[in-house]
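Asker: predicted model and sequence below, questions to follow.
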Amino acid sequence: MAGQSTRQPLRVYITVRDRLRPLLALVDWLERAGGVEIILVDNDSAYPPLLEWLESTPHQVVRTGANLGPRAAWLTGLVQRHGLDHPYVVTDPDVVPDPGVRSTYSITWLVCWSAIRRSTGRAPACG
């Protein structure tokens with residue numbers, strides 16, 4: 001179809017543990033932005049409302065069975081299995097882009113931020 005992109009969707013791995021409200025905000029923002037594949041990496045959550053939501057979400061949920069921390073997407077081998085050549089971001093559920101910022105700009109920023117952090121081991125200085 002005219003105007004459709006042939007680029008691969010950006011994979012967004014969201015590390016999850018017992019926090020529902022910011023997760024809902026981030027997932028909502030990503031769904032509205034489009035062009036993303038959301039994968040929820042559950043670090044052994046015990047919060048009943050979050051567990052119920054994880055059961056009903058249309059997005060892929062990977063349960064780690066332990067709290068592996070913010071590196072769970074790598075420690076479980078998810079990133080490696082899905083291919084390091086595919087564009088991806090690993091994020092926490094409370095990193096929600098400002099709703100007033102265009103989605104393409106925010107997604108580009110997330111990708112760049114993730115790449116800098118991955119290559120240096122540190123989050124880039126912003127601001």
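Answerer: Perfect, thanks for sending it.
Asker: so Ala72 sits in a strand?
Answerer: No: Ala72 sits outside any strand when classified using DSSP: H, G, I helix; E, B strand; the rest coil, being helix.
Asker: now it: how far from Thr57?
Answerer: 17 Å (C-beta to C-beta, to the nearest Å). For the C-beta atoms, the positions are set from N, CA and C on the backbone; glycine is no exception.
Asker: can you check Tyr13 too?
Answerer: If you go by C-beta to C-beta, the gap between Tyr13 and Thr57 works out to 14 Å.
Asker: now the strands for the chain?
Answerer: Under the criterion DSSP state E, the chain carries strands at the ranges 10-16, 36-42, 60-63, 88-91.
Asker: I'd say Pro97 and Asp28 touch.
Answerer: No: Pro97 is not in contact with Asp28 according to C-beta atoms under 8 Å; the separation is 11.0 Å.
Asker: so for these two, which sits in the more crowded spot?
Answerer: Pro97 (18 against 12; other C-beta atoms under 10 Å).
Asker: read off the pLDDT value for that one.
Answerer: pLDDT, Pro97: 76.
Asker: do the same with the one 10 residues further on
Answerer: According to the predicted model, the pLDDT of Ile107 comes to 60.
Asker: ok, now Glu37?
Answerer: For Glu37, pLDDT reads 93.
Asker: and the residue lying closest to Leu23 once chain neighbours are set aside, backbone torsions?
Answerer: Distances taken as C-beta to C-beta, 6 or more residues apart in numbering place Pro93 nearest to Leu23, at 3.8 Å, with adjacent residues excluded. Backbone torsions of Pro93, given as degrees, to the nearest 10, read phi -70, psi -10.
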